[in-house]
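Student: Provide a 3D model corresponding to the input given below.
(4 chains)
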Number of protein chains: 4
Amino acid sequence: MGQPHPRDEADAGKPPLGIGMVGYAFMGAAHSQGWRTVGRVFDLPSRPVLAAVCGRDGQAVRAMAERHGWAAAETDWRALIARDDVDVVDICTPGDSHAEIAVAALAAGKHVLCEKPLANTVEEAEAMAAAGEQAYRQGRLTMVGFNYRRLPATSLARRMVREGRLGTLRHVRVTYLQDWLVDPEFPLTWRLRREVAGSGALGDLGAHIVDLAQYLAGEPLAGVSALTETFVRERPLPGGTTGGLAAVSAGGLGTVTVDDAALFTARFASGALATFEASRFATGRKNSLRIELNGERGSLAFDLERLNELAYHDHTEPLAHAGFRRILVTEPDHPYLEAWWPPGHGLGYEHTFVHQARDLVHAIAANHRPEPSFADGLQVQRVLAAVEESAAKNSVYTPVVV
Amino acid sequence: MGQPHPRDEADAGKPPLGIGMVGYAFMGAAHSQGWRTVGRVFDLPSRPVLAAVCGRDGQAVRAMAERHGWAAAETDWRALIARDDVDVVDICTPGDSHAEIAVAALAAGKHVLCEKPLANTVEEAEAMAAAGEQAYRQGRLTMVGFNYRRLPATSLARRMVREGRLGTLRHVRVTYLQDWLVDPEFPLTWRLRREVAGSGALGDLGAHIVDLAQYLAGEPLAGVSALTETFVRERPLPGGTTGGLAAVSAGGLGTVTVDDAALFTARFASGALATFEASRFATGRKNSLRIELNGERGSLAFDLERLNELAYHDHTEPLAHAGFRRILVTEPDHPYLEAWWPPGHGLGYEHTFVHQARDLVHAIAANHRPEPSFADGLQVQRVLAAVEESAAKNSVYTPVVV
Amino acid sequence: MGQPHPRDEADAGKPPLGIGMVGYAFMGAAHSQGWRTVGRVFDLPSRPVLAAVCGRDGQAVRAMAERHGWAAAETDWRALIARDDVDVVDICTPGDSHAEIAVAALAAGKHVLCEKPLANTVEEAEAMAAAGEQAYRQGRLTMVGFNYRRLPATSLARRMVREGRLGTLRHVRVTYLQDWLVDPEFPLTWRLRREVAGSGALGDLGAHIVDLAQYLAGEPLAGVSALTETFVRERPLPGGTTGGLAAVSAGGLGTVTVDDAALFTARFASGALATFEASRFATGRKNSLRIELNGERGSLAFDLERLNELAYHDHTEPLAHAGFRRILVTEPDHPYLEAWWPPGHGLGYEHTFVHQARDLVHAIAANHRPEPSFADGLQVQRVLAAVEESAAKNSVYTPVVV
Amino acid sequence: MGQPHPRDEADAGKPPLGIGMVGYAFMGAAHSQGWRTVGRVFDLPSRPVLAAVCGRDGQAVRAMAERHGWAAAETDWRALIARDDVDVVDICTPGDSHAEIAVAALAAGKHVLCEKPLANTVEEAEAMAAAGEQAYRQGRLTMVGFNYRRLPATSLARRMVREGRLGTLRHVRVTYLQDWLVDPEFPLTWRLRREVAGSGALGDLGAHIVDLAQYLAGEPLAGVSALTETFVRERPLPGGTTGGLAAVSAGGLGTVTVDDAALFTARFASGALATFEASRFATGRKNSLRIELNGERGSLAFDLERLNELAYHDHTEPLAHAGFRRILVTEPDHPYLEAWWPPGHGLGYEHTFVHQARDLVHAIAANHRPEPSFADGLQVQRVLAAVEESAAKNSVYTPVVV
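Tutor: Just a heads-up that it's a prediction; the model follows:
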């Protein structure tokens, strides 16, 4: 009993949702996995179709399309957003092109998912948020790729905070530590140039932890006091095309124009205190995003290097039996896990992109504004701007513009 | 610049390798992910095609095919193995049908990947291994789905043992603990019936840890002394179709005919000692496969619930600075990781099936016998048989038949 | 305002309790700390006085008495037990002399605290238990130095088991791993000679974990199936006087007559299953006593290398928030901690001896039989004998004599 | 063979060193343990004698002297420092009396050990350091009780930094978290009143981590940017005499005049960056002092709640085998451990006071200035003052006065 061939994507009977992706490096590969897998695992109201991917190098983007299952390849993002078979534009380029592409895509009537940080400046982010707001009135949605919200463990943490399990919040401490810049011979890739990347550890890592901290706390930061530093100020110029994290030198030195590390203390709107640290110089820490929240009734702690776990202390229990428990966030009633494996069979980093795709698909079907939207991304950008302003003004406490 | 549509699978220019899968529950879903993803991530010598999936319930198997991207659905495994577009038969059914399907598939000229344990009895496993041996002479390969060999961390551990980093091996201790049977109201699903599952914790969990221990040690077990126990001897009869780990009761009680837990001590061929424990009654342990190896020059430890990590103690270092280090097994030169994400961005359980698919595809292209082959699976079966024999004979030390 | 000099010991107004200690190596130093400190920290019904210490080397024992504050030094244990100022005889010698000293001390009307294992043979232990029973009728008490019962964490575990927090017990797994014999050049000290030490890892480490497992479970072992091994069968003969764990070679080789490692599975009286492993060849493990208990309602886990912590999983909680919690056992209402430091200020290994002293002093004042008494020590000895018998009989399951 | 009674203290043949202690609460008990034990464990050049303890409540101080083995009790600290049998004055009172007692004791020709923080104000600390400097010229020494330098693990960390194992330092992050003030009903004890305690979490916890960070880094902090907060501004007035961490209410509310939490970022003199957080509101954290240092060649991490461990990452190793290792700091060649127990038998919190006593006794015998001296304590006080100044000036970066 043979059956007719199904299409490339799952759930052929459902309305298609055409995805067009701009950018095809690390993030492009991760997003591709997300779009390709989401319909195989989750029940969706529509059927994501990998319609087209876009990059400037025609040969490379064609190979990438072939590899990752994109039906078409484009070399001009304007062509991509003009395609009829593209409903969602997914922007995975460096930050300097986010605003132009996003605003144009929204104007073209597309939904837009944009990688973080939303933009390289507050001005760009404001333009994007305004365009997003206008597009929303025409039924178009915007979303920012703060994918670490989409882990079962962080989603469970958010649920527990919302349930009141922490009570009045007192402290949040967050670090995001990597070590790939420790070697002074590591070359001057695009992530180290302000005109492309906007900022260094601040925009790359700091944006993630600002968003995650505010998401988990359920409230915005009110102000910050910051230090930033560039430890290695000159680096070898890279040779040829380079990815973000690996490159070879072409000879000669260039100036690093972004921060290597950014540290700040902060106050939340409620008065809770926070510390933030983002660095690419923390030897031995590979992707160490750790966050802890302490409230009057309990505490939560998470470590991205052990992403299937959430630590929880319930302070309402008798002291004799209380302590931080390690919740293995792999139960069917944990967020996102109704569709995955039996208890104890953990997920990985890439599944954040599957979940992001799932949530956007549902939001589009329901015409509900996704979280985080461009407006949320703009607010994060304002926090980053306050960090840079404070760092430039001798660390003075600098309110976040509301 | 539009491009022609790529096919369903990656790397259209390469020769196709048709996969036909029998069984479509938990393992079927996991294998589907593996087959669908492998060509997107790894450079392969051929192009796996999800040709057909087979199950007895036509409606369910068609839905599964649609969901997971199988091109066709079959309800009779004999039809599946007769298909011209199937080169590899992937057996994901309960153990009682492994032998019949595998032997027939080999006779039909297919390569065969079979889920573990290889069979429910040594006799069946012998027949399968013999068929595998004969097929090998015709260029057909066999492989057993001991997927935990395919984790970066366990593969790195094997590489380090092979490099001599442990020296003379003294101890191996392994546990595989779950807790889904603790509730006496959990119903009598197929995994609790000897005629279908062959054994209980022993075949399901014990098979994994026997294989993994022998793989990491690089040598076979010589003999065992075992205890087995069924703590809850009667359970509610299940209602309707049931998966392995979740089910509802239909009323009435039935007898559990498999073990709930199996414990054994063992000697390796070299004289190293080992302890094994497999249980579904270890409250709070969800999928806790832990293994530690102690050698004269060093030790290694692994925990499946933290599958991106490997602990290593180098005993040749000065004591003042020695200690178990936590290797985050996410570097590009760690096994399988050349194709995945940057350091610190961990993988999940399902990626073992991607790696399994990758290794089998390479083995077929090179006509190299994969590890573990059916012969290896038979040897594991003989260890399990020795465990059951010892348990039946008052735990007396029972040599493993060679 | 000067005050009169207090005496050497605390609480001068209370009745003195004279301690006489036999043996003055590692255990002697640890017991000295216990006796000297106990009255400074705890409120006691009497005042322990370090009356006399005994060792064969007069110069060494005098130096030890001076160092550790013993009022007198003896070179003949018969003289020690004859002293009027000695109420309690504390035996810290190797196992081959325990029985003779203990029986004589009881006959002399002394209370006796004896280091573990109680004796080198069941026969000796029976004689000791019989003498203890007879002495008890004259108001003299016996106690075995299973000091790991006296940690706040293990005591809390016992309390929680007694409260029913585990429900029906299913599994206990215990390891006690050290690595000081890995080097084949380590010399043949007294701990490696059967005629002095009785057995090797079994009596030294295995005795501790058998006692601790039975204590925490609250029930005795019914039978065992065991493997023992001596990995390095000849070692250099030691030169001069040697302590237990460090020694220098005198040239020549001698035969190791005890086990290097002992592994066994076991059944508790209730039907719960257990695994035990004791080894001096587990590279990188220094003093790694780990125990886990799994019951229907919860689980507990402890690791001696992190002795201020107890892990607890409450299986009656909703799965979404359940997990092993780390109880920092430093709260005032945890066992023994009413007298120590504020929360979070941990204790160390030596404090087990302070607590042992405290419990014995209270038992003597109340004329309550201490736990573990010589009768309990005899029962442990019978388990060890069953282990040796099973190991000698091809691991056959061997009941523990009741 | 009876021997003559030894004296109260060990090593009767050595010259006595008379200790006079002021204050007898938590710190007094801990210091008593240190002085009483040090000569029993370590080989010392002199023999510490617990000469006299001083407190205002005669009955309580006499009971404490009796309990802890002090030969005399005084109720006026001026009488104590006038005693001929007192060579060392050990100050364990709240911070408001440190300066007066210390300066007088130095003038009376005594060595002085003073609990941290050195004083409540920079002015007091300056006076103390000046007095210490003058006394040093007469052969009298000063020391501040930053006891966390005296752990084997932190001492090993310092040794490793000095050996160059971290290379150029980039980051230090330190937290000291407790939770005993979370309950708003906890009463207004002396630690919450500025006139007695000087500051709150800052002086109590922050002083420790500032000292430890500078000690491990081997360099001073150059400037800070700080936030402080008092979350609960009114608390019940305590009834009767109260200790530091436990008290009962007397009715009525009083104003908390110290900080509940202090957070600051900082720059070291070398340009390394640091974050500090001290809080009594971190629910579930009991005594959680954690410090991590990241240098170009390696990293170190320590957690006071696991005080026998040090984590070390060696960044000069091949990445494939590198990772944070857990050094169990219990080997004989680790700092302080030549005198204690075999490997794996951990120490506790109180042993920091034994080691502090040991180091001071050796310093006095050698007439070497101990570390940290009052001059070092003054420098820490200047850091704390810069923190308070920055917090008062809107977090502006504030240099530490040199």
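Student: who are the packing partners of the longest helix seen in chain A?
Tutor: With secondary structure taken from DSSP state H, chain A has its longest helix at helix A:374-392. Other helices and strands packing on helix A:374-392, by 3 or more CB pairs under 8 Å, 6 or more residues apart in numbering or on different chains; DSSP states H and E, are strand A:111-114, helix A:122-137, strand A:142-144, helix A:207-217, strand A:221-229, strand A:261-268, strand A:398-399. The way it works is simple: take the backbone N, C-alpha and C, and place the C-beta from them, glycine included.
Student: what about whatever residue of the stretch 301-402 of chain A ends up closest to chain D, how many residues nearby?
Tutor: Across the stretch 301-402 of chain A, no residue is closer to chain D than A:His313, which sits at 3.2 Å (CB to the nearest CB). The burial metric for A:His313, expressed as a neighbour count using other CB atoms under 10 Å in any protein chain shown, is 26.
Student: hmm, back to that, CSV for the helices and strands packed on helix A:374-392, including mean neighbour count?
Tutor: Shown next, in CSV, are those (neighbours: other CB atoms under 10 Å in any protein chain shown):
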stretch, mean neighbour count
strand A:111-114, 26
helix A:122-137, 19
strand A:142-144, 29
helix A:207-217, 24
strand A:221-229, 25
strand A:261-268, 27
strand A:398-399, 19
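Student: closest one to chain C among these?
Tutor: helix A:207-217 (16.2 Å).
Student: what residues does the closest one touch?
Tutor: Contacts of helix A:207-217 from elsewhere in the structure, counted by CB atoms under 8 Å, 6 or more residues apart in numbering or on different chains, are A:116-117, A:144, A:146, A:148-149, A:154, A:157-158, A:161, A:169, A:172, A:174-176, A:220-221, A:268, A:272, A:274, A:276, A:278, A:289, A:291, A:293, A:300, A:371-372, A:376, A:379-380, A:383-384.
Student: give me the buried subset of the residues you listed.
Tutor: The neighbour-count test (16 or more other CB atoms under 10 Å in any protein chain shown) marks A:116-117, A:144, A:146, A:148-149, A:154, A:157-158, A:161, A:169, A:172, A:174-176, A:220-221, A:268, A:272, A:274, A:276, A:278, A:289, A:291, A:293, A:300, A:372, A:376, A:379-380, A:383-384 as buried among the contacts of helix A:207-217.
Student: which ones among these lie within strands?
Tutor: In strands, defined here by DSSP state E, the members of the buried ones among the contacts of helix A:207-217 are A:144, A:169, A:172, A:174-176, A:221, A:268, A:274, A:276, A:278, A:289, A:291, A:293, A:300.
Student: list the contacts of the spatially most central residue of chain A.
Tutor: Ranked by distance to the mean C-alpha position of chain A (CA atoms, centre = their mean), the top residue is A:Phe146 at 2.6 Å. Contact analysis of A:Phe146 by CB under 8 Å, 6+ apart lists A:Lys116, A:Ala207, A:His208, A:Asp211, A:Leu212, A:Tyr215, A:Pro372, A:Gly377, A:Val380.
Student: as CSV, the residues you listed with distance to D:Pro332 and pLDDT would be great.
Tutor: Rendered in CSV, the data for these read as follows (distance: CB to CB, whole Å; pLDDT from 0 to 100):
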residue, distance to D:Pro332, pLDDT
A:Lys116, 52, 95
A:Ala207, 49, 97
A:His208, 45, 98
A:Asp211, 50, 98
A:Leu212, 45, 98
A:Tyr215, 50, 98
A:Pro372, 55, 97
A:Gly377, 57, 98
A:Val380, 53, 98
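Student: taking those, tell me the two that lie furthest apart.
Tutor: In the contacts of A:Phe146, the most distant members under the criterion CB to CB are A:Leu212 and A:Gly377, with 13.3 Å between them.
Student: surely A:Ala157 is in contact with A:Phe302?
Tutor: Yes: under the criterion of CB atoms under 8 Å, A:Ala157 lies in contact with A:Phe302, with a separation of 6.1 Å.
Student: any residues in contact with both of these two?
Tutor: By the contact definition CB under 8 Å, 6+ apart, A:Ala157 and A:Phe302 are jointly contacted by A:Leu310.
Student: who does the residue in the stretch 201-350 of chain A that chain C sits nearest to form a beta bridge with?
Tutor: Distance from chain C to each residue of the stretch 201-350 of chain A (CB to the nearest CB) is smallest for A:Arg325, at 3.4 Å. Residues found in beta-bridge contact with A:Arg325 (criterion: DSSP bridges) are A:Tyr312, C:Arg325.
Student: show me what contacts it?
Tutor: A:Arg325 is in contact with A:Ala311, A:Tyr312, A:His313, A:Asp314, C:His313, C:His321, C:Ala322, C:Gly323, C:Phe324, C:Arg325, C:Arg326, counting by CB under 8 Å, 6+ apart.
Student: swap in A:Thr316?
Tutor: Contact criterion CB under 8 Å, 6+ apart gives A:Arg297, A:Gly298 as the residues in contact with A:Thr316.
Student: what pLDDT does A:Ala12 get?
Tutor: What the model reports for A:Ala12 is a pLDDT of 58.
Student: grab the nearest non-local neighbour of A:Val387.
Tutor: Nearest in space to A:Val387, with sequence neighbours left out and distances taken as CB to CB, 6 or more residues apart in numbering or on different chains, is A:Ala226 at 4.3 Å.
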